[in-house]
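Engineer: need a structure here:
(one chain, ligands or ions: 1)
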Amino acid sequence: MTDWSAPDAIDCADERVFQTVLDRVETREKGHYFEYFAEGDEIRHGPGLVLSRHGNEEWMGQTLNHDPAYWRPDRARERGFEALPAHPDYLLACVMGVTVEDLSEKGGYFLGRTDVEFRRTAYPGTELDVTSTVVDTRTSSSRPNYGIVTWESVGRDRESGEVLVSYERTNMIPRREPVASDGSGAVADDQPSSADAAIPDLPSRLVTPDGGTFEDFRVALERARENGAAVAYRHERGRTMDERLVAGLPLATLNTARQHHNRDAMADSPSGDIVAYGDVTRSVALAHARSDEATYRERRFENERFHDFVTLGDTVYGFTRVLDCDGAAGPDHTGAVTFEHVAFNQEQTPVYSGRRTALVTRQ
Ligand SMILES: CC(C)(COP(=O)(O)OP(=O)(O)OC[C@H]1O[C@@H](n2cnc3c(N)ncnc32)[C@H](O)[C@@H]1OP(=O)(O)O)[C@@H](O)C(=O)NCCC(=O)NCCSC(=O)C[C@](C)(O)C(=O)O
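Structural biologist: Numbering: from 1, shown residues only. Model prediction:
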């Protein structure tokens, strides 16, 4: 009989032996299935993460968020920051990144997020302390292999305890034991396809603002309202998703979701391949929008949805609609603008949409 305690008892160089061993051993799992989560559970995320200047610059550089206030001290001061700040997209991606191991590493997709509130400016060197609470769990009626879980997450400065950002996010999470679908979410064969569906009435005219200041948006909105038009436009820039964006950026935020870096595991998933981290896709589309606007501060995001997969080689473009201008919000030299942003791919398929309120410089 083989002495299994002997160091050379298993010849791993022999393919057949190795495959037999692999078939027999248990896998030490990472992440949690849907059944693990119960409403009200509170989770403190262990890894923490120190926001870094390198990470900040890498994120901004790769996503085209080329706003010098986040890497030039003179421009940061002009913008009213105490020091070089962390970019809000980088902060948000890091806060969410450290939650992934506990919440969503098992797989499944990021479906949406809402109530994203930036409470304080964060600076490189800040150590994050992130906690999450399970807000809701339910089974999916259309996808029997998955459940749908919503968490509220809060990212704090570990030293001061101050809240930097908070949000509520929803994911599909694989079930340990898939159940038969109740079919209520299935699309009936005789339903019209989206191509056949009637196109809703669009405003007769779509107005583009003359520039990117608060006044430009306000004037465009007024002009549009007087003429039954809407303020909506697309941005010229696009960014093709390469490995650095799809796998590199999430890993730099400690996002361990297999969706972004394990092509082998993802081959047998609904997307069939690795997909871009939702925060990367959105940050690219927002960068396109910000490149056409005099952003002063990010305030909040609502109703963010991820509609379709973004895979390697896809190109992400941006579309913006201006919904509202509030001259009374923020410091005197700014006003708040609420936008609806849509990220779309080379086939003009929407992959992300969300409502954003930012302070924009007046002139
Ligand atoms: C996933 C796909 C295939 C489903 O496609 P579908 O046609 O089946 O979609 P659906 O019918 O719209 O949604 C399925 C179910 O989800 C529900 N649902 C949908 N949205 C929400 C929401 N916001 N809040 C609450 N529930 C929502 C919806 O009501 C439905 O429930 P049902 O099965 O009971 O009828 C499709 O939606 C898709 O391709 N989306 C893009 C996903 C994606 O690429 N996300 C970003 C990358 S993954 C990621 O970043 C990962 C991360 C951050 O690292 C990490 O979580 O760890």
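Engineer: which bits of this protein sit near the ligand?
Structural biologist: Within reach of the ligand by CB under 6 Å from any ligand atom, the chain has these residues: 100, 104, 109-112, 140-143, 148, 170-172, 185, 255, 257, 259, 270, 275, 277-278, 305-309. (Each C-beta comes from the backbone N, C-alpha and C, glycine too.)
Engineer: buried among those residues? Make that a ChimeraX selection.
Structural biologist: Buried members of those, defined by 16 or more other CB atoms under 10 Å, are picked up in ChimeraX with:
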select :100,104,109,110,111,112,140,143,148,170,171,172,255,257,259,275,277,278,305,306,308,309
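Engineer: from the residues of the chain next to the ligand, which ones fall inside helices?
Structural biologist: The members of these that map onto helices under DSSP state H are V100, Q259, G278.
Engineer: show me the contacts for the last one.
Structural biologist: Neighbour list for G278: F110, R113, F306, Y352 [criterion: CB atoms under 8 Å, 6 or more residues apart in numbering].
Engineer: same thing but at 10 Å, please
Structural biologist: With contact set as CB atoms under 10 Å, 6 or more residues apart in numbering, G278 has these partners: 93, 96, 109-113, 169, 171, 250, 257, 259-260, 304-306, 310, 343, 351-352.
Engineer: cool, and A267?
Structural biologist: By CB under 10 Å, 6+ apart, the neighbours of A267 are D273, I274.
Engineer: if I look at it, how far off is the ligand?
Structural biologist: A267 is 16 Å from the ligand, where distance means CB to the nearest ligand atom, to the nearest Å.
Engineer: shaky segments in the stretch 201-350 of the chain?
Structural biologist: Residues of the stretch 201-350 of the chain meeting the criterion pLDDT under 70: none.
Engineer: what about the helices in it?
Structural biologist: With DSSP state H, counting those that start in this stretch, the ranges of helices along the stretch 201-350 of the chain come out as 214-226, 243, 249-252, 258-261, 263-266, 278-290.
Engineer: which neighbouring elements make contact with the third one?
Structural biologist: Counting contacts by 3 or more CB pairs under 10 Å, 6 or more residues apart in numbering; DSSP states H and E, helix 249-252 packs against helix 53-63, helix 88-97, helix 258-261, helix 278-290.
Engineer: reformat those as JSON lines; add distance to Y317.
Structural biologist: Formatted as JSON lines, these follow (distance: least, CB to CB, whole Å):
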{"stretch": "helix 53-63", "distance to Y317": "13"}
{"stretch": "helix 88-97", "distance to Y317": "17"}
{"stretch": "helix 258-261", "distance to Y317": "21"}
{"stretch": "helix 278-290", "distance to Y317": "7"}
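Engineer: mind listing the residues bridging to the closest residue to the ligand within the chain?
Structural biologist: Closest contact between the chain and the ligand, by CB to the nearest ligand atom, is at G112 (2.7 Å). Bridge pairing for G112 (DSSP bridges) gives the partners T170, R305.
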